[in-house]
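**Student:** dropping the sequence and predicted coords here.
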Amino acid sequence: GNSVTQMEGPVTLSEEAFLTINCTYTATGYPSLFWYVQYPGEGLQLLLKATKADDKGSNKGFEATYRKETTSFHLEKGSVQVSDSAVYFCALIPWGFTGGGNKLTFGTGTQLKVEL
Amino acid sequence: EADIYQTPRYLVIGTGKKITLECSQTMGHDKMYWYQQDPGMELHLIHYSYGVNSTEKGDLSSESTVSRIRTEHFPLTLESARPSHTSQYLCASSGIRETDDQETQYFGPGTRLLVL
């Protein structure tokens, strides 16, 4: 079946540090890959996505590259801010499901804490 | 910006009570979803709908039920609440809108339920 594995948290960084949150997946074909972010007390919101191999998704200084050869979609940011403190979820939609249900498979989430 | 609403945001209720969690979206999306988020942050799909009069059970077995009589409305009902139902419930939708792709799910702010 489909699954997403992401690094456990919490991850604690100082402001302006470099961030990497690892995400690997198991799925057949070419799933679409997502990073969602959940700020305290809120629902999830899409951070970025990639739909095919070697695509790079980017938003708000965050980036992730779809690596088919390593089945990975690691999230990176060059300089984190206190306002980036949140829970980050890696997710996939299986290949061939576009428009037909869009059932997301989520990782377990990684909490990021950024301190001054 | 997401136009999906959930009420109530917080609910404390006694065991055995019947409750309905409301979810509405104004985006005209055909697909809607309910997720249960446990204290460890992990998200589990409990119900989804492809359109009016269509409902399906998700990956996690749930004692709740849902209905989809109108496109914009997807309420979740617990006939008899128990302490094991204590959790956060997130509603989401996806579909075709002018600026949307079909895959991105838009989440509401969630309902935090505490059953005593």
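**Tutor:** Nice, I can see it. Everything numeric in this text was worked out from a predicted model, so none of it was measured.

**Student:** those strands in chain A, which residues are they?
**Tutor:** Assigned by DSSP state E, chain A shows strands spanning A:3-6, A:11-14, A:19-21, A:23-26, A:32-38, A:44-50, A:56-59, A:62-65, A:75-77, A:86-93, A:105-106, A:110-115.

**Student:** determine whether any part of the fifth one lies close to chain B.
**Tutor:** Just to be clear, that refers to strand A:32-38. Yes - using C-beta under 8 Å from any C-beta of the partner chain, strand A:32-38 reaches chain B at A:S32, A:F34, A:Y36, A:Q38. Using the backbone N, CA and C atoms, a C-beta is placed for each residue, glycine as well.

**Student:** list the beta-bridge partners for the first one.
**Tutor:** Assessed by DSSP bridges, A:S32 has beta-bridge partners A:I93.

**Student:** what do you get for the third one?
**Tutor:** Listed beta-bridge partners, A:Y36: A:L46, A:F89 (assigned using DSSP bridges).

**Student:** isn't it right next to A:L44, touching?
**Tutor:** Yes - contact criterion C-beta atoms under 8 Å: A:Y36 and A:L44 qualify, at 4.3 Å.

**Student:** compare those two (neighbour count), which wins?
**Tutor:** Under the criterion of other C-beta atoms under 10 Å in any protein chain shown, the comparison of A:Y36 against A:L44 puts A:L44 first, with 30 against 25.

**Student:** do you know how far that one is from B:F107?
**Tutor:** A:L44 is 4 Å from B:F107, where distance means C-beta to C-beta, to the nearest Å.

**Student:** please apply the same query to B:H29.
**Tutor:** Here the criterion is C-beta to C-beta. By it, B:H29 lies 12 Å from B:F107.

**Student:** cool, and A:Q45?
**Tutor:** Relative to B:F107, A:Q45 is positioned 7 Å away (C-beta to C-beta).

**Student:** looking at the two, which one has more neighbours?
**Tutor:** Shown here are A:Q45 and B:F107; by other C-beta under 10 Å, B:F107 has more neighbours (22 against 16).
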